[in-house]
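> fold the following, please.
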Amino acid sequence: MTSKIDLYYFFYNFKKTDIYHLKALKYLEKNLPDEFTNSDSEWVKIYKGLKESYDRLDIPFYCSEDEKDAESLCYKMCADYFLPNVNEFELVENFTCDDLKKECSLGKPVILYVKNAGIYTNGLAFIGTPRGDHPIVLVGMEDDNFIFNDPFGNMMFGYTEGPSNGEGVSMNPDSLKRRWSGKAVVFDDLPLDKS
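Below is the predicted model:
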C-alpha cells in the first residue's frame, strides 16, 4: 500500500548538496501542473506572505511577581500551546534574529534568554546595565518588531507596570541584539492545527 508523503518533512530534510534530493526536486518541477509552478500560484502567494507578515501565535500568557517563576511559566506557555503534542526541545547557544523569524513563520514559539535589567527611556535611550539570563517567549512579529510574552512584565519599561503587562511586549531587532546572546530553546515539532 502506498502512503502519502509529508512535504514538510521532505523539505525540512532537503539538502541542496545531495544529488538525489536535487533530482527529486527537478522531477517535481517537471511533473507538477502549471497551476502549481506559476509564480502567481496560490501556494506561492501564501509562501511569500510568510516572508512579509507573521501571525501572532495563540500562546497563553502566564505571569508572576516572582522572577524565579519566569522560566517554568515560559515552558508552560509553550507546552500549553503545543498540547496535546509532547514536543522535543533543544537549547541552542547561537540562534539569530533570522532564525527567530523562520521559527515564527512556521508557527513555533521560541524561548529566549535575555538580559533584563536596565530600561530604555521612551523605548530609545538605554539606562543601566543589562544582566541576567531571563526567559521570554517569542509569540510573533509586527512589522519588523519581535513580539514576546514576558511572565515578569514589560522589560522595555523597567518592569514598572507589574507582571500582567508582559503580554505582547514589542522589541525591535536592535534592542533585542543588545540584550540577547543567542541563547534560545527551540521546539522540534509543529503545533497541531487548532482550527
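> which is the next helix or strand following the helix or strand containing Tyr9?
Take DSSP states H and E as the rule and Tyr9 turns out to sit in helix 7-12. Where DSSP H and E defines the elements, the next helix or strand beyond helix 7-12 is helix 19-31.
> so for that next one, what's the average pLDDT?
Over the span of helix 19-31, the pLDDT mean works out to 89.
> so how far is it from its chain's centroid?
In terms of C-alpha atoms, centre = their mean, to the nearest Å, the centre of helix 19-31 is set 30 Å apart from its chain centre.
> show me what that helix is in contact with.
Residues outside helix 19-31 that contact it (C-beta atoms under 8 Å, 6 or more residues apart in numbering) are 14-16, 37. To be clear about C-beta, it is placed using only N, CA and C from the backbone, and glycine gets the same treatment.
> adding distance to Glu67 and neighbour count, write these out as TSV.
TSV is the format used below for these (distance: C-beta to C-beta, whole Å; neighbours: other C-beta atoms under 10 Å):
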residue	distance to Glu67	neighbour count
Phe14	42	12
Lys15	42	9
Lys16	44	7
Thr37	52	14
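> so where is this protein shaky, pLDDT-wise?
The chain contains residues with pLDDT under 70 at 1, 8, 44-55, 86-87, 116-132, 157-160, 189-195.
> how about the strands in it?
Shown for the chain, the strands assigned by DSSP state E span residues 89-92, 110-114, 119-121, 125-127, 134-142, 145-149, 169-171, 180-187.
> what's near enough to touch the spatially most central residue of the chain?
Computing the C-alpha centroid of the chain and ranking residues by C-alpha atoms, centre = their mean puts Cys104 first, at 3.5 Å. By C-beta under 8 Å, 6+ apart, the contact set of Cys104 is 54, 57, 110, 138, 140-141.
> quick check: it vs Thr37, distance?
Relative to Thr37, Cys104 is positioned 27 Å away (C-beta to C-beta, to the nearest Å).
> most widely separated two among the contacts of helix 19-31?
Taking C-beta to C-beta as the measure, these span a maximum distance of 21.9 Å, between Lys15 and Thr37.
> burial count for the closest residue to Val137 other than its chain neighbours?
Excluding the flanking residues, the one nearest Val137 by C-beta to C-beta, 6 or more residues apart in numbering is Asn149, at 4.6 Å. For Asn149, the neighbour count with other C-beta atoms under 10 Å is 25.
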